[in-house]
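[1] Build me a model:
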Amino acid sequence: MTAQAHGHSAEMERVYVWDLVVRVSHWTIMLTMILLVITGLYIGNPFLIPSGPPDDMSVMGTMRVVHFYAAIVFTLAVAVRIGWMFVGSYYARWQQFVPMSPRRRRDVFGMLKFYSFFSSDPPLNVGHNPLAGMTYLAVFALYVIMIITGFALYSVNATGYMAMWEFLLPLLGGAQMARWIHHIAMWFLVGFVAHHIWSAMLVSRIEGMGLIDSLFSGYKWLPKGWRDRDK
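    Below is the predicted model:
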């Protein structure tokens, strides 16, 4: 197949980049984040007041239940993805997030030039570009902060094994500080998601390698022989 890659006609080959664990964890995290943001905003500022006597299936009760179970799925997906960084396929590993090689360190500045409009083409990378990889490290740190503060807040009114997380509250400065951290971290993640969608669409259009499609199929179209140069 001949296609356009970085503005040049090139022989392309279909390469399997994103394995099933990467794709499933990616979409699970995204979908649960949507539920967590919607229910979390309502829990913090309830705007629906149902008529009639309160019952166990009140709006707030439903929101809290959905938030809690979405948080459990989110936590499991994050834990799986972090573990997969160490035992997964090549493009799933932590080296994709930390620019270890000289070429990937140069590509950090190449991507900065691209996003700053000083360059019309981004550096070609098979997996994550190194700037995105470094950003994802910060994002996973925010995930962990959300999980820790979330479980700490849930422990305030919890019983049984969930109450054990109450020991985190003094470490976080109390329930109010934990709630503030949880809320601010959420807005950072909302901002990241907005930029992530925009940058993925932009890079997919410029590179012409099927980046968006690869998030579903796992496959990208790459110049022949490039995957060997990228390792």
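[2] Start from the N-terminal end of the protein and give the strands.
    Listed in chain order, the strands of the chain (DSSP state E) span 2-5, 8-16, 219-223.
[3] Neighbouring strands of the last one in the sheet, and parallel or not?
    When you say that, I think you mean strand 219-223. strand 8-16 (antiparallel) (DSSP bridges).
[4] Compute the mean per-residue pLDDT across the strand it pairs with, please.
    Average pLDDT, strand 8-16: 73.
[5] Next: stretch 61-73.
    Per-residue scores along stretch 61-73 average to 92.
[6] Which parts of it count as buried, going by neighbours?
    63, 64, 66, 67, 68, 70, 71 (16 or more other C-beta atoms under 10 Å). Yep, even glycine has a C-beta here, placed from its N, CA and C like the rest.
[7] Check stretch 33-45 too.
    Those would be 33, 35, 36, 37, 39, 40, 42, for stretch 33-45 by 16+ other C-beta under 10 Å.
[8] now for the longest helix along the chain, which elements pack on it?
    Assignment by DSSP state H gives helix 175-207 as the longest helix of the chain. Under the contact criterion of 3 or more C-beta pairs under 8 Å, 6 or more residues apart in numbering; DSSP states H and E, helix 175-207 touches helix 20-44, helix 130-154, helix 168-171, helix 211-217.
[9] Throw those helices into CSV and include distance to residue 190, thanks.
    Shown next, in CSV, are the helices and strands packed on helix 175-207 (distance: least, C-beta to C-beta, whole Å):
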stretch, distance to residue 190
helix 20-44, 6
helix 130-154, 11
helix 168-171, 24
helix 211-217, 20
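[10] Please spell out the segments of this protein that come in under the pLDDT threshold.
    Across the chain, the ranges flagged by pLDDT under 70 are 1-10, 49-57, 207, 225-231.
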